[in-house]
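**Q** Need a 3D model of the sequence below.
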Amino acid sequence: MVQTDISQICAEAADWRQILRNYRDEFADCKKSLQEMCRRTLSKDQLRDIEHFDNQFHIQLINIHDVKQEIKNHEKKIRGDLSTSDQVTEQTVTEHEKLLDEFLTLENTLQELRNDFRKFINDTSC
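**A** Numbering: from 1, shown residues only. Purely as a prediction, here's the structure:
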(Lines give C-alpha, C1' and ligand atoms only; values in the text may rest on other atoms or scores of the structure.)
Protein backbone atom coordinates (compact mmCIF):
# COMPACT_ATOMS: atom_id res chain seq x y z
CA MET A 1 0.00 0.00 0.00
CA VAL A 2 1.13 3.52 -0.73
CA GLN A 3 0.80 6.01 2.10
CA THR A 4 -1.06 8.90 0.50
CA ASP A 5 -2.75 11.91 2.01
CA ILE A 6 -6.38 11.09 1.34
CA SER A 7 -7.56 14.62 2.03
CA GLN A 8 -5.12 15.91 -0.60
CA ILE A 9 -6.40 13.47 -3.24
CA CYS A 10 -10.01 14.34 -2.44
CA ALA A 11 -9.27 18.07 -2.52
CA GLU A 12 -7.48 17.76 -5.87
CA ALA A 13 -10.40 15.88 -7.41
CA ALA A 14 -12.86 18.46 -6.08
CA ASP A 15 -10.70 21.27 -7.49
CA TRP A 16 -10.59 19.60 -10.90
CA ARG A 17 -14.36 19.29 -10.99
CA GLN A 18 -14.79 22.95 -10.00
CA ILE A 19 -12.37 24.09 -12.71
CA LEU A 20 -14.31 22.03 -15.27
CA ARG A 21 -17.62 23.48 -14.04
CA ASN A 22 -16.17 26.97 -14.55
CA TYR A 23 -15.12 26.09 -18.11
CA ARG A 24 -18.55 24.59 -18.76
CA ASP A 25 -20.25 27.81 -17.67
CA GLU A 26 -17.81 29.96 -19.63
CA PHE A 27 -18.24 27.95 -22.82
CA ALA A 28 -22.03 27.97 -22.49
CA ASP A 29 -21.77 31.78 -22.37
CA CYS A 30 -19.46 31.72 -25.40
CA LYS A 31 -22.06 29.75 -27.35
CA LYS A 32 -24.62 32.45 -26.47
CA SER A 33 -22.19 35.11 -27.71
CA LEU A 34 -21.92 33.25 -31.00
CA GLN A 35 -25.69 33.22 -31.35
CA GLU A 36 -25.80 36.97 -30.75
CA MET A 37 -23.06 37.52 -33.32
CA CYS A 38 -25.18 35.75 -35.93
CA ARG A 39 -27.69 38.61 -35.74
CA ARG A 40 -25.13 40.88 -37.38
CA THR A 41 -24.12 40.96 -41.00
CA LEU A 42 -21.10 38.72 -41.30
CA SER A 43 -18.76 37.60 -44.03
CA LYS A 44 -18.58 33.99 -45.18
CA ASP A 45 -15.27 33.61 -43.36
CA GLN A 46 -16.79 34.93 -40.14
CA LEU A 47 -19.75 32.58 -40.50
CA ARG A 48 -17.36 29.68 -41.08
CA ASP A 49 -15.42 30.66 -37.96
CA ILE A 50 -18.63 30.90 -35.93
CA GLU A 51 -19.60 27.41 -37.03
CA HIS A 52 -16.11 26.15 -36.15
CA PHE A 53 -16.27 27.64 -32.65
CA ASP A 54 -19.81 26.42 -32.11
CA ASN A 55 -18.69 22.89 -33.01
CA GLN A 56 -15.60 23.14 -30.81
CA PHE A 57 -17.60 24.39 -27.83
CA HIS A 58 -20.05 21.55 -28.31
CA ILE A 59 -17.26 18.95 -28.47
CA GLN A 60 -15.42 20.39 -25.48
CA LEU A 61 -18.60 20.60 -23.39
CA ILE A 62 -19.02 16.87 -24.00
CA ASN A 63 -15.36 16.28 -23.05
CA ILE A 64 -15.82 18.36 -19.90
CA HIS A 65 -18.85 16.28 -18.95
CA ASP A 66 -17.03 13.01 -19.57
CA VAL A 67 -13.96 13.96 -17.53
CA LYS A 68 -16.14 15.33 -14.72
CA GLN A 69 -17.92 11.95 -14.62
CA GLU A 70 -14.59 10.13 -14.49
CA ILE A 71 -13.52 12.34 -11.60
CA LYS A 72 -16.81 11.72 -9.80
CA ASN A 73 -16.38 7.96 -10.22
CA HIS A 74 -12.80 8.29 -8.97
CA GLU A 75 -14.04 10.10 -5.86
CA LYS A 76 -16.50 7.25 -5.24
CA LYS A 77 -13.63 4.77 -5.53
CA ILE A 78 -11.62 6.75 -2.99
CA ARG A 79 -14.58 6.69 -0.59
CA GLY A 80 -14.83 2.93 -1.20
CA ASP A 81 -11.16 2.51 -0.33
CA LEU A 82 -11.74 4.48 2.84
CA SER A 83 -14.62 2.24 3.88
CA THR A 84 -12.23 -0.73 4.06
CA SER A 85 -9.00 1.02 5.10
CA ASP A 86 -7.63 4.35 6.24
CA GLN A 87 -5.63 4.77 3.05
CA VAL A 88 -6.13 4.49 -0.68
CA THR A 89 -4.77 1.60 -2.71
CA GLU A 90 -1.83 1.81 -5.10
CA GLN A 91 -4.29 1.25 -7.94
CA THR A 92 -6.32 4.28 -6.85
CA VAL A 93 -3.17 6.42 -6.68
CA THR A 94 -2.21 5.26 -10.18
CA GLU A 95 -5.73 6.07 -11.43
CA HIS A 96 -5.47 9.48 -9.76
CA GLU A 97 -2.23 10.22 -11.61
CA LYS A 98 -3.75 9.06 -14.90
CA LEU A 99 -6.79 11.23 -14.27
CA LEU A 100 -4.53 14.20 -13.50
CA ASP A 101 -2.82 13.75 -16.89
CA GLU A 102 -6.21 13.55 -18.61
CA PHE A 103 -7.44 16.64 -16.76
CA LEU A 104 -4.31 18.65 -17.63
CA THR A 105 -4.50 17.64 -21.29
CA LEU A 106 -8.14 18.70 -21.44
CA GLU A 107 -7.43 21.93 -19.58
CA ASN A 108 -4.69 22.78 -22.09
CA THR A 109 -7.12 22.20 -24.96
CA LEU A 110 -9.76 24.34 -23.24
CA GLN A 111 -7.29 27.17 -22.67
CA GLU A 112 -6.27 27.10 -26.33
CA LEU A 113 -9.91 27.23 -27.41
CA ARG A 114 -10.57 30.09 -24.99
CA ASN A 115 -7.60 32.06 -26.36
CA ASP A 116 -8.53 31.40 -29.99
CA PHE A 117 -12.10 32.48 -29.31
CA ARG A 118 -11.01 35.69 -27.56
CA LYS A 119 -8.79 36.52 -30.52
CA PHE A 120 -11.70 35.85 -32.90
CA ILE A 121 -14.00 38.09 -30.85
CA ASN A 122 -11.41 40.89 -30.77
CA ASP A 123 -10.74 40.59 -34.52
CA THR A 124 -14.45 40.50 -35.34
CA SER A 125 -15.34 43.45 -33.12
CA CYS A 126 -13.00 45.79 -34.98
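**Q** I'd like the next helix or strand past the helix or strand where residue 23 lies.
**A** In this structure, residue 23 sits in helix 6-37 according to DSSP states H and E. Next along the chain after helix 6-37, taking DSSP H and E as the criterion, comes helix 44-84.
**Q** That following helix packs against which elements?
**A** helix 6-37, helix 90-125 (3 or more C-beta pairs under 8 Å, 6 or more residues apart in numbering; DSSP states H and E). For the C-beta atoms, the positions are set from N, CA and C on the backbone; glycine is no exception.
**Q** Against the centre of the protein, work out the most remote residue.
**A** residue 41 (32.2 Å; C-alpha atoms, centre = their mean).
**Q** Phi, psi for that one please.
**A** phi -80, psi 120 (degrees, to the nearest 10).
**Q** can you check residue 88 too?
**A** Phi and psi for residue 88, reported as degrees, to the nearest 10, are phi -90, psi 160.
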